[in-house]
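*Asks:* All I have is the shape, not the residue letters:
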């Protein structure tokens, strides 16, 4: 089905026990291809990795949020109090409350937050995309667009987001689906996604700059305590990183160097290994500790990137 390539191997006692296949596009600062694996023209669902583009479209259409809340508008947040309180702030800024949210019901995404939630019923505000949905609703109110239908792919808001993404990616979107949160989801090529992230990273457009600056300044609002993308943005100066469901990652440096990958089967097991290998390829050292493969109490192997 996929013309993919091996991105990482699960090695036990020197023998490759399993392979993680996928697609990888790495771009130089000038946008030329630094490295690629698999067919990077393959179309994928970028999932939450394009929230920076969605936020840019909203700001372009009048959304005004302080950087802390603009970071939340492009988040897959953990569901901590700072996140849910921020969602309420965004909605209150246009005279609404959480009852306006139409994202899926869910419990917090963060491990600690989900444990603290316990057996309580899922809510819309705890759902990791509620910041984006609150921003979408606020944009609708500002423009006097219908709020009840803001998730319709033909709604002016979603048309604006699609247009923003097409311009950034440099390709026409021909397939629209629905993301797990209920919002429209647009199919992009792997290389198109890489172009989009690089473009927004180096853009002179003050809208794009405000969105990226917000994410880098408030990484804890983009993810949360203990979340990989948050920790990496805190560790590596100038790094923007966003993960998405089904093992999609986008990362860019302030000079435009960018990498995007998608693990074909959606497995997250090799995710961190691939991220750190890509950063190393860009001569960026991180505090990554290789994953351990255990044989009883002994470490007898690892997960190694093959990029």
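*Replies:* Arrived safely. In this text, all values refer to a predicted model and were calculated from it rather than measured experimentally.

*Asks:* Residue 141: how many residues sit nearby?
*Replies:* Residue 141: 18 surrounding residues under other C-beta atoms under 10 Å. For the C-beta atoms, the positions are set from N, CA and C on the backbone; glycine is no exception.

*Asks:* With residue 26 instead?
*Replies:* The burial count for residue 26: 21, using other C-beta under 10 Å.

*Asks:* Quick check: buried residues in the helix or strand encompassing it?
*Replies:* Per DSSP states H and E: residue 26 is located in strand 15-27. Neighbour-count burial for strand 15-27 flags 20, 21, 22, 23, 24, 25, 26, 27 (criterion: 16 or more other C-beta atoms under 10 Å).

*Asks:* would you turn those residues into JSON lines with distance to residue 198 and pLDDT?
*Replies:* Shown next, in JSON lines, are the buried residues of strand 15-27 (distance: C-beta to C-beta, whole Å; pLDDT from 0 to 100):
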{"residue": "20", "distance to residue 198": "24", "pLDDT": "97"}
{"residue": "21", "distance to residue 198": "24", "pLDDT": "98"}
{"residue": "22", "distance to residue 198": "19", "pLDDT": "98"}
{"residue": "23", "distance to residue 198": "16", "pLDDT": "98"}
{"residue": "24", "distance to residue 198": "14", "pLDDT": "98"}
{"residue": "25", "distance to residue 198": "10", "pLDDT": "98"}
{"residue": "26", "distance to residue 198": "10", "pLDDT": "98"}
{"residue": "27", "distance to residue 198": "5", "pLDDT": "98"}
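
*Asks:* Would you convert the residues you listed into CSV that also reports distance to residue 86?
*Replies:* Below are the buried residues of strand 15-27 laid out as CSV (distance: C-beta to C-beta, whole Å):
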residue, distance to residue 86
20, 34
21, 37
22, 33
23, 33
24, 33
25, 32
26, 33
27, 32
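
*Asks:* what's the closest of those to residue 114?
*Replies:* Each of those was checked against residue 114 using C-beta to C-beta; the closest is residue 20, at 25.4 Å.

*Asks:* so the closest one sits right up against residue 10, yeah?
*Replies:* Yes. With contacts counted by C-beta atoms under 8 Å, residue 20 reaches residue 10, the gap being 7.3 Å.

*Asks:* so what sits against both of the two?
*Replies:* Here residue 20 and residue 10 have 269, 270, 303 as joint contacts, going by C-beta atoms under 8 Å, 6 or more residues apart in numbering.

*Asks:* In those, which residue is surrounded by the most others?
*Replies:* Top of those by neighbour count (other C-beta under 10 Å): residue 270, with 26 neighbours.

*Asks:* what residues are up against that one?
*Replies:* 7, 8, 10, 20, 263, 291, 303, 305.

*Asks:* mind redoing it with 7 Å?
*Replies:* Counting by C-beta atoms under 7 Å, 6 or more residues apart in numbering, residue 270 makes contact with 7, 8, 20, 263, 303.

*Asks:* Let's verify the residue sitting nearest the centre point of the chain: helix, strand, or coil?
*Replies:* Residue closest to the average C-alpha location in the chain (C-alpha atoms, centre = their mean): residue 49, at 2.8 Å. Secondary structure for residue 49, judged by DSSP: H, G, I helix; E, B strand; the rest coil, is helix.

*Asks:* List the strands paired with the strand holding residue 26, with their directions.
*Replies:* With DSSP bridges as the test, strand 15-27 is paired with strand 5-12 (antiparallel), strand 33-37 (antiparallel), strand 258-263 (antiparallel).

*Asks:* that older thread, farthest pair in the contacts of residue 270?
*Replies:* Every pair of the contacts of residue 270 checked by C-beta to C-beta; the farthest is 263 and 303, at 11.9 Å.

*Asks:* Name the nearest residue to residue 165, sequence neighbours excluded.
*Replies:* Leaving aside its chain neighbours, residue 165 sits nearest to residue 53 (4.8 Å; criterion: C-beta to C-beta, 6 or more residues apart in numbering).

*Asks:* I'd like to know how many residues surround that neighbour.
*Replies:* 28.

*Asks:* Specify the next element, helix or strand, located C-terminal of the helix or strand encompassing it.
*Replies:* For residue 53, the enclosing helix or strand under DSSP H and E is helix 51-60. Proceeding N to C from helix 51-60, the next assigned helix or strand is helix 67-73, under DSSP H and E.
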